[in-house]
Structures are given as C-alpha cells and as structure tokens.
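>>> Quick one, what's the 3D model for this:
(one chain, ligands or ions: 2)
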Amino acid sequence: MKSLGDRWDNDDVRVRPGRSSRPRTKTRPDHNDAVDGFVITVDRGRYTCLVDEGRKSQRLVTAMRARELGRRGVAVGDVVNIVGDASGNSDTLARIVRIADRTSVLRRSADDTDTAERILVANADQLVIVCALVDPVPRTGFIDRCLVAAYAGHLDPVLVLTKADLADPAELIAAYADVKLSIQFTAKHDDVIEGIEDLRKLLQHKVSVLVGHSGVGKSTLVNALVPDADRAVGGLSGVGKGRHTSTSALALQLPTGGWVVDTPGVRSFGLAHVTADDLLVAFEDLLQATTRCPPGCGHGESESCALDAFVASGGATDARLTSFRRLLSSLAGVETDF
Ligand SMILES: Nc1nc2c(ncn2[C@@H]2O[C@H](COP(=O)(O)OP(=O)(O)OP(=O)(O)O)[C@@H](O)[C@H]2O)c(=O)[nH]1
Ligand SMILES: [Zn+2]
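Ligands and ions are numbered 1, 2, ... in the order given. As a prediction, the model looks like this:
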C-alpha cells in the first residue's frame, strides 16, 4: 500500500480561519479512531477496502460513504479513513469519512457528452494498454484515446503488445515512435508466456491499471501475474474474482509488490473533460511555442496555430506535431469504433 503521509485531503485545512490557530467552529469530528484503508473494488455503493495494520492484522472491510464526504466520489485505488465497525467481520459495515489526496486520476464518463466526471481509478502510476497484434486487429483509435486519458490523468502509459508470436509489431511500433510511451511484448507458446518477466519488473511496486478489448489476452496476463486471481482479492482469499459480479475495477495485489487493477467491461474513456492544453503536458517540446498561439487556439491543423511555424523553423520535429495532432483529434466527437 502507498504510504499515507500527509496525503489527507485539505478540506479540513480550508475550514480553518486565517491566522487564528483554532477553528471557530468544529465542522467535523476528529475521527481519531479511524483506520486507513485502500479501496480495492466498488459494488453498488459498497466499498471493499484492504486494511493493513502490519503483522497485527490485514483484513478486508466493507464500507459505505459517510454523509460528510458530500459529493466527493470514492474510487478504486483511493486511500481512505474508515470509522465504525472496521473489524472486517461478516455483516459489518464501516464508514468512509475521508479520502486522501490523489496522485493521479483515471477518469471515465459514460460518453463524451456526459460531463459528469466519473473516476475509474485513483492513484494509479501506470496505464497498461493491452493490445493484441492480431486477433483482434489492433485499433489505434483506442490506443490513442487511452494515451490521452493517461497523459491527462498523470499516469505513465505502457503499451503491451500481445500475440507477438503471431504477427510482426513493426507497423504498430512505428505509429507510436514519436510519443512518450513504453512498449512491451508478450507471446504465448502453450502455457509459457514470453515477456512476462519484463512486465512483472515494470509493474513491481506500482499501481497499474490494465485496459484492453475482449480477446486481446488481458486475462492471460492477469492470471500469469497474479496466481489465484480468481480466488484471491487484495492478497486475501475468500473474496474472489469469481464472486465479483460488478463491472467495477478490481485491484489485485502482485506477489512481488504493487497492484494491478483489472477493468472488466471498460472499452473506452470519456475524454470530455480533456483540453488541448492538458494533452500538451506530454509534449513538452511543443509546449513553449504555444505561448505564441492566438488566444483560445485549439492547436489544430486548420488554425493559425504557432506550432506549424515552430516546426518549420526546426523547433520540434514534424513527427511530434503529427502525433500530437493525431491524439488531439481523438478529443473531437464521440468515437464509437470500439
Ligand atoms: N498466440 C497467442 N495467443 C494468446 C496470447 N495471449 C492470449 N492468447 C489467447 O487469446 C485468447 C484470448 O485470451 P484472454 O486472455 O482470454 O483474453 P482477454 O483479453 O482476457 O479476453 P476476455 O476474457 O474476453 O476479456 C485465448 O485463447 C488465449 O489463449 C499470445 O500472446 N499469443
Ligand atoms: Zn496553437
């Protein structure tokens, strides 16, 4: 689990008046008895949290949101404060009273016109895009949208190309040569999965979200990475994937440390909240030139965007601008191709 440190949300701090050292009114209980939990899955308003008190006790606690959270959503990957009956005994229900500040947010909205931002996973370090080289055919539109979601949410993207035993990856690699992305390969020969060790190393001690279409081999990877994934959740047996019927994300503890978050049923990301400027964080080489863009520039091809002159004068490569604009185009409209 991540260290909690000073990550607790600052709402408490904000209610304190200026210079006075004490709050005039106490707006919240202290919850001195709260325990820390890590949200591993959500099902119909019930949050399954791993409470890890070291050797003393590691247990799964079911909790609901406390009213004092207001409209703030709790997501898989959140580190939370839990009060009430946090024994983890069956038929107990604890309450989540605080959410720690998030280091990253992977958002999902129902579609691109749905501006209510739904958080799919909080605090993930990496977004692992699982894509088969063949069967099903790779869809670059999907990969592009995943990349945009990762960059905008402050996750590092990793592209895992599966079925490398069946097709040549050259074309796909070329398409992503000019974007910030790490690429891994896996292949399957009978029950042996080539490349799994490299992937294991990449995931170690990190929180990684796995996304991919049906048939790409995501389950094959999860099962290789997390033996007993079907039965063990959060490193504890008893609450198994078999019993996990919702389409919520599900965090599985890696034997080597770290977590993989499986996302059954996730086929796309809503990108309604992402702007061209959000995407520029992954294109630092282009960023500086945009100060010369006209106000409100969307940095698209047909606009009087300063990026064209910047590239023409050798400030950045044409390939980088082309890649940027390709990713940018995935923000436009609703893509239904996946
Ligand atoms: N040749 C080859 N086959 C693979 C590879 N990885 C997975 N497969 C096969 O592809 C099929 C789909 O793999 P799954 O792991 O079930 O795919 P998935 O992405 O989890 O798909 P869903 O379970 O439908 O979500 C299975 O028959 C696997 O054995 C690979 O690297 N090479
Ligand atoms: Zn511009």
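>>> Tell me the residues of the stretch 201-338 of the chain that contact ligand 1?
By C-beta under 6 Å from any ligand atom, the residues of the stretch 201-338 of the chain that approach ligand 1 are Gly212, Ser214, Gly215, Val216, Gly217, Lys218, Ser219, Thr220. C-beta: built from backbone N, CA, C; applies to glycine.
>>> Which residues are in contact with the last one?
Taking C-beta atoms under 8 Å, 6 or more residues apart in numbering as the criterion, Thr220 is in contact with Thr162, Lys188, Ile193.
>>> How about the fourth one?
Val216 is in contact with Val130, Cys131, Ala132, Pro136, Thr162, Lys163, counting by C-beta under 8 Å, 6+ apart.
>>> What is the burial count for Glu171?
Residues contacting Glu171 under the criterion other C-beta atoms under 10 Å number 11.
>>> Please, which helix or strand holds it?
Using DSSP states H and E, Glu171 sits in helix 170-175.
>>> Quick check: mean pLDDT of whichever helix or strand comes after that helix?
Toward the C-terminal end, the helix or strand that comes next after helix 170-175 (DSSP H and E) is strand 182-185. What strand 182-185 shows for mean pLDDT is 97.
>>> For strand 182-185, give me every contacting residue.
Residues contacting strand 182-185 (C-beta under 8 Å, 6+ apart): 156-162, 164, 169, 173, 176, 194-195, 198-199, 202.
>>> okay, now the domains of this structure?
35-99, 105-235+245-262, 276-332 (the TED database).
>>> re earlier: would you mind trimming the contacts of Thr220 to those in range of ligand 1?
Residues of those in contact with ligand 1 (C-beta under 6 Å from any ligand atom): Thr162, Lys188.
>>> For the contacts of Thr220, which single residue is the most surrounded?
Of all these, Thr162 has the most neighbours under the rule other C-beta under 10 Å, reaching 27 neighbours.
>>> any idea how far it is from Gly217?
To Gly217, Thr162 is 4 Å away according to C-beta to C-beta, to the nearest Å.
>>> and what of Ala177?
23 Å.
>>> again, but for Thr62
Distance of Thr62 to Gly217, computed by C-beta to C-beta: 32 Å.
>>> now swap in Arg72 and tell me
36 Å.
>>> ok, those two, which is more surrounded?
Gly217 (21 against 14).
>>> which of the contacts of Val216 sit farthest apart?
The span of the contacts of Val216, defined through C-beta to C-beta, is set by Val130 and Pro136 at 11.5 Å.
>>> Compare these two and say which is more crowded by neighbours.
For Val130 versus Pro136, neighbours defined as other C-beta under 10 Å are more numerous around Val130 (23 against 14).
>>> my guess is the more buried one is in a strand, correct?
Yes - the assignment for Val130, made by DSSP: H, G, I helix; E, B strand; the rest coil, places it in a strand.
>>> Chain neighbours aside, what residue packs nearest to it?
Gly212 (3.3 Å; C-beta to C-beta, 6 or more residues apart in numbering).
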